[in-house]
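In: Let's see this in three dimensions:
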Amino acid sequence: MGGDDLGSDDEYLNVTIEEEKSIQKLETLADNIEVEVGNEGPLSSKKRKRKSKAPSLDLNNDEDSAVDEVPTKKSSSRVLLEAGRDLENQSADVQATFLWTALKHNLQLRGSSLESIPKLKASHFTTSKESTLSGRLRSALSIKKLKKWKPIGSPMVVVVCVSARRAVAVLKELAGLKVRAAKLFAKHMDVDQQKELLRQSAYGLAVGTPHRLQALCGKDQGEQRAALNFEQTQLVLLDSQTNPKGFTVCTLPDTAPDCMHFLSENVLPQLAKRKDLKIAMF
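Out: From the prediction side, this is the model:
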């Protein structure tokens, strides 16, 4: 895969037995989330909760029993935590199932509706076998096009990181690409300063944290378009680097809710409209 091609459906056809098990367990978890976060009813009673069994955390174990009991909130978070590790090396099917389950989990805990959100599919994702972040970007899109990117307010690539420190590390790792990059995280500039930069200049690459990215997507009074939008963005990269405790931007309690809110409000609506926008988990 190279050039402007952000992925082919052909690469998603070969799903291993282990990946199929992971997908099935995540789908079972997703199906049970509505029961898990229900406000009332016999399934959420204390008596039923005491009888509930937490699903196994080993997604690749043949001997694990199916998740046929109502999961607890703690067990759901732990299953997502385990499934969220090493995602950069998994198939697009596994990545799509994981992210859809994480979205459903976090949005329903917020009391948000999923009706208007398109279900994620493997075709929404692009994967790479390269070992470095810069190598994976090179395999996913045209670096020449990235360097010449002109749309203002809609970077070609947006990288979502777990922290400002990790965002700085990503920027250093990608410095060799020599691409104009926007730093969209706290402790660098305030929101208003970053909005002004996004309105004035075009950036091929933007690297930020979920909360700050969501803030930049908000419209000021009288604005028709937010300073940061995804109308022409071609790749949203969810950084899969784990912190010392094994969390990623999609599973850390401090960032996962903001990340899922950001994706549901800004990225998924564009996925429903366009075929040239992809998600990556590198």
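In: What number of residues are in the vicinity of the nearest residue to Ala167 once chain neighbours are set aside?
Out: Using CB to CB, 6 or more residues apart in numbering and skipping the chain neighbours, the partner closest in space to Ala167 is Cys161 (4.2 Å). In short, each C-beta sits where N, CA and C put it, glycine included. By the measure other CB atoms under 10 Å, the count of residues near Cys161 is 27.
In: my read: Cys161 touches Leu184, true?
Out: No. Using CB atoms under 8 Å, Cys161 is not in contact with Leu184, being 9.7 Å away.
In: Find the residues that touch each one of the two.
Out: 167, 207-209 (CB atoms under 8 Å, 6 or more residues apart in numbering).
In: Now do the helices in the stretch 151-282 of the chain.
Out: Here the stretch 151-282 of the chain has its helices, by DSSP state H, counting those that start in this stretch, at 164-173, 191-200, 210-216, 256-262, 268-273.
In: I'd like to know which of those helices is closest to Gly222.
Out: Proximity to Gly222, assessed across those by CB to CB, is greatest for helix 191-200 (13.3 Å).
In: what residue is smack in the middle of the protein?
Out: Leu238 (4.7 Å; CA atoms, centre = their mean).
In: is it true that that one touches Ala256?
Out: No. Look at Leu238 against Ala256 with CB under 8 Å: they stay out of range, at 11.0 Å.
In: Now do stretch 217-234: everything it contacts.
Out: Here stretch 217-234 makes contact (CB under 8 Å, 6+ apart) with 6, 141, 151, 153-158, 184, 194-196, 198-199, 206, 213, 216, 236, 262, 265-267, 270, 276-278.
In: The residues you listed, buried ones only, as a PyMOL selection?
Out: To isolate the buried ones among those in PyMOL, judged by 16 or more other CB atoms under 10 Å, type:
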select buried, resi 6+141+153+154+155+156+157+158+184+194+195+198+206+213+216+236+262+266+267+270+277+278
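In: hang on, the earlier thing: out of the helices of the stretch 151-282 of the chain, which is closest to Thr28?
Out: Nearest of the helices of the stretch 151-282 of the chain (CB to CB): helix 256-262, 19.6 Å.
In: which residues does Ser163 contact?
Out: Contacts of Ser163 (CB under 8 Å, 6+ apart): 209, 243, 255.
In: Could you rerun that using 10 Å?
Out: Contacts for Ser163 (CB atoms under 10 Å, 6 or more residues apart in numbering) come out as 169, 185-187, 209, 239, 241, 243, 249, 252, 254-255.
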